[in-house]
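[1] Need coordinates for the below:
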Amino acid sequence: MRVGITGHRGLPGPTERLVRAALEERVRQYPSTELTGVSCLADGPDAWFAEAVLDHGGRLEVVIPAERYREGLPVGHHETYDRLRNSATDVHVTGLVESTEQAHMAGSEILVGLSDHLLAVWDGRPARGYGGTADVVAHAERVGVPVTLIWPAGATRD
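    Reported below is the predicted structural model:
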C-alpha cells in the first residue's frame, strides 16, 4: 500500500501534537512490510508522516518538487529533510528548478499519482496559495485517489 501525505505547514505546538498522534495511529493500521509512505518532506505533516512510516518499519519514497526546494524550507528543517531524503528507497523529481507554487503542485501531482491513498492534514478551508492542501485534495479526488482527512478535535491552524 502506497500512502501519500499532504498537509498544512506552520501548525501551532498543540495542533502539532494532535496531528502527530493521529498520523502515528493511522500508520500503525498498515502492516509495516506492506507500507510505503510517499512524501515531499516539507516541514510539518510531510516530515511527521515520513518519520512515523520509518519508525513503523515501512518504506519511504520522496518527491522533490524542484532542485531548489530544500533552499525554500526553513533552515531548522534542513537536517530532518536530509535525514529523511537519505532514508528514502526511491526519489522522484519534477525536473523543475525553482521552488515555486507551480513546482509544489507539480510535485504533489506526482505524489498523488504514486499513491493508492492520500492522507490530508487539512482544516477543510481553501488553499492560501496555489498548490496548497485544498488543491492537492481536489486533484486526488479528480483522479480517483481516495483521501482520508486528518484534522483532530481541538486542532487549529492559526
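[2] Every contact and neighbour count from this point should use C-alpha atoms.
    Will do.
[3] downstream neighbour of the top helix by length along the chain in the secondary structure list?
    Longest helix in the chain, counting residues (DSSP state H): helix 13-28. Counting by DSSP states H and E, the next helix or strand C-terminal to helix 13-28 is strand 36-39.
[4] From what I see, Val112 and Arg142 are in contact.
    No - taking contacts as CA atoms under 8 Å, Val112 lies outside contact range of Arg142: 10.7 Å.
[5] of those two, who's got more company?
    Set side by side, Val112 and Arg142 show more neighbours around Val112, with 29 against 10, by other CA atoms under 10 Å.
[6] Now do the strands in this protein.
    2-7, 36-39, 59-64, 90-93, 117-121, 147-150 (DSSP state E).
[7] just checking, which of those sits deepest inside the structure?
    Greatest average neighbour count among the strands of the chain goes to strand 36-39 (a mean of 28), per mean count of other CA atoms under 10 Å.
[8] Work out the sheet partners of that strand and label each with its direction, please.
    Using DSSP bridges, strand 36-39 pairs in its sheet with strand 2-7 (parallel), strand 59-64 (parallel).
[9] Of the strands of the chain, give the one that comes closest to Tyr130.
    Nearest of the strands of the chain to Tyr130, taken as CA to CA: strand 2-7 at 13.5 Å.
[10] Asp158: what's it in contact with?
    When the contact criterion is CA atoms under 8 Å, 6 or more residues apart in numbering, the partners of Asp158 are Leu11, Pro12.
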